[in-house]
Structures are given as C-alpha cells and as structure tokens.
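# Quick one, what's the 3D model for this:
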Amino acid sequence: MLTEYELHLFNEGTLHRAYEKLGAHRRDVDGASGVHFAVWAPNASQVSVIGDFNGWNGTKHPMRNLGASGIWETFVPNVGDGDRYKFEITARGSAARLQKTDPYGTFFESDASGAAIVWDLARHTWRDTASRILAATLTPPWLSSSCLRSLKPIQSSSRPPTNCRPES
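Model prediction:
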C-alpha cells in the first residue's frame with residue numbers, strides 16, 4: 001500500500017523506485033496472503049483488476065482512487081504466482097471499459113492477449129551472475145589510468161580520446 005509520503009514523491013516525480021509500489025506485489029495484509037495491485041490511471045473514472053482469480057469480471061475487485069496522484073490500488077487475497085491479470089479502466093466521460101495490461105508487470109502472456117502474470121521476483125533464480133561479475137571488472141579504455149593521465153583539466157569533448165588503448 002502506498003503511503004502519503006510515497007504519493008507525494010510520485011506527484012513530484014521523485015519516487016525513483018515506483019516499480020516497487022506500482023504493478024502487482026505479493027503481500028500479507030491483516031493475516032491474509034494475496035496481491036496488492038496499483039496502477040496510474042489519472043483520467044479514469046473507474047478501475048478494476050480482472051484476472052483468473054475473479055473470472056475476468058470487472059465488478060468483483062474495484063480499485064480505490066488515491067486522489068490527485070491518479071493512482072488506483074486494491075488488495076486481493078488468495079491471488080498467487082502464475083495468475084494472469086489486467087486492469088479494466090473506464091475513462092472519464094466514457095462508458096467504454098478498456099482492458100489494459102500492467103506497465104509495471106514482471107511477466108506477460110506470450111500470445112496476443114497481453115495479460116500480465118503475477119510473479120514474485122524474490123523467488124526468481126538469476127542466471128547472469130558470471131556476466132555481472134565480469135562487467136564489474138572490465139574498465140572501458142577511456143577510463144584506464146594511462147588515458148586519464150593524458151586528459152587535460154578542461155576537455156570540452158564528451159567523446160573519449162581516440163589515442164587511448166586498454167592497459168595490458
């Protein structure tokens with residue numbers, strides 16, 4: 001659930017880790033395990049979360065509007081990893097209900113439906129550890145010590161000097 005402070009940061013554009021608050025996130029609320037859903041829909045008059053867990057019925061899980069932020073949120077108990085979902089959004093001044101995928105989703109259907117899939121990334125096994133370690137140890141040629149010594153205190157070019165070679 002978003003706090004007043006997080007909404008303030010979102011409104012001023014400084015909630016730098018919005019992906020931790022928007023989208024679908026597994027939570028325990030009042031002893032119930034489920035998923036907290038949040039989406040930014042500033043021009044909506046109504047938003048619901050629809051999915052496998054409610055028969056894709058927009059009347060079962062309406063979301064609450066968090067005011068001027070344009071964020072809508074709800075908590076749905078008993079939703080788990082692998083459940084597909086979308087947001088059903090009704091725009092102000094329209095009766096049309098549009099099904100939209102989650103822009104902060106972590107997994108998606110591979111077919112044309114575009115449904116997002118609830119998944120707890122904390123349970124994911126990342127397999128790129130070796131490449132992360134290698135990337136951390138590599139130094140671009142223009143940051144090598146010999147190249148840095150050749151730089152003049154005032155250099156207007158944003159491109160690295162062309163005469164620098166990687167140190168061996």
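# in this structure, which spans are strands?
Applying DSSP state E to the chain gives strands spanning 23-29, 32-40, 44-51, 64-65, 71-77, 84-91, 97-100, 107-108, 116-117.
# what's the closest of those strands to Phe10?
strand 71-77 (6.8 Å; C-beta to C-beta). Glycine gets a C-beta too; all of them are placed from N, C-alpha and C.
# That closest one to strand 32-40, inter-axis angle?
160 degrees (axes from the mean of the first three to the mean of the last three C-alpha atoms, to 10 degrees).
# which of the residues in stretch 83-96 are buried?
By neighbour count on 16 or more other C-beta atoms under 10 Å, the buried set for stretch 83-96 is Asp83, Arg84, Tyr85, Lys86, Phe87, Glu88, Ile89, Thr90.
# For Arg17, grab phi and psi.
phi -120, psi 50 (degrees, to the nearest 10).
# Let's have the strands of the chain in a markdown table, adding mean pLDDT and distance to Phe10.
What follows is these, written out as a markdown table (pLDDT from 0 to 100; distance: least, C-beta to C-beta, whole Å):
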| stretch | mean pLDDT | distance to Phe10 |
| --- | --- | --- |
| strand 23-29 | 93 | 13 |
| strand 32-40 | 96 | 8 |
| strand 44-51 | 97 | 16 |
| strand 64-65 | 96 | 14 |
| strand 71-77 | 97 | 7 |
| strand 84-91 | 96 | 17 |
| strand 97-100 | 94 | 19 |
| strand 107-108 | 90 | 24 |
| strand 116-117 | 95 | 20 |
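# got JSON lines for those, with distance to Tyr5 too?
Listed next are these as JSON lines, based on distance: least, C-beta to C-beta, whole Å:
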{"stretch": "strand 23-29", "distance to Tyr5": "18"}
{"stretch": "strand 32-40", "distance to Tyr5": "15"}
{"stretch": "strand 44-51", "distance to Tyr5": "23"}
{"stretch": "strand 64-65", "distance to Tyr5": "18"}
{"stretch": "strand 71-77", "distance to Tyr5": "14"}
{"stretch": "strand 84-91", "distance to Tyr5": "25"}
{"stretch": "strand 97-100", "distance to Tyr5": "27"}
{"stretch": "strand 107-108", "distance to Tyr5": "29"}
{"stretch": "strand 116-117", "distance to Tyr5": "27"}
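# Let's see the pLDDT reported for Ala122.
We note a pLDDT of 73 for Ala122 in this prediction.
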